[in-house]
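**Student:** Attaching a predicted model along with its sequence, questions to come.
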Amino acid sequence: MQERRQIYYIASGYDWRPDEIVSNAMFEHSPHKSYFLKVVPHEVANNEDYLARRKTEPSLEQYRVEMCPHFPSRKDAIFLNRTLEDAERWRQHGSRADYNLYELLVRDEQNSCEVNYIWYNYCVRLQKSPSTEFRRVFGTTPEIDFRRSLQAYWENISTERFRCPSQLEILYIGTLEIVQKIA
């Protein structure tokens, strides 16, 4: 019987070689970790999007600890994709246009979960504009919508019913081997 190999994909600014081993521990200074800093970096102090994301990350972490502590923390995980198409979609974001696409093989998975990034983005939008400017998905108050969106993120609730394609990401704790650089 042939062993099943778990493969993931990633869009990354790193220049890795085939057979190189990477892990979530290597990303101590990744951009999303900056949202947990106590001091707002001067260069982004007035950036509304950065500040909204900075408010959203601790809320997601608090919800995770309270409701699903068995899931990996966003601040500790490496963000992976189940399909090459999903990794390519991440690469098409403006700031990642020059990122490389990699295929990765699971070596030692300690913990992982699949979440729907669209709910994270919705939480950020609610932080930026809780008023009527942004349509409330659940038709409740911004506070209740925010809490329900935190839950939907961790429960990986599909967003297709809201006419918005889901955008899945894998929060991964463990090591992986670089199989190949795809692009």
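**Tutor:** Yep, that arrived.

**Student:** and H70, which of the three is it?
**Tutor:** When classified by DSSP: H, G, I helix; E, B strand; the rest coil, H70 comes out as coil.

**Student:** Check which residues of stretch 141-160 are buried.
**Tutor:** 145-150, 152-154, 157, 159 (16 or more other CB atoms under 10 Å). C-betas here are computed from N, CA, C, even on glycine.

**Student:** Please disregard the earlier target; I meant stretch 115-129.
**Tutor:** Of the residues in stretch 115-129, those buried under the neighbour-count criterion (16+ other CB under 10 Å) are 115-128.

**Student:** Check stretch 69-87 too.
**Tutor:** Those would be 71-81, 84, 86-87, for stretch 69-87 by 16+ other CB under 10 Å.

**Student:** What is the end-to-end distance of it?
**Tutor:** For stretch 69-87, the separation between the terminal residues is 27 Å (CA to CA, to the nearest Å).

**Student:** Report the distance from it to the chain centre.
**Tutor:** Shown here is stretch 69-87, whose average C-alpha point lies 6 Å from the average C-alpha point of the whole chain (CA atoms, centre = their mean, to the nearest Å).
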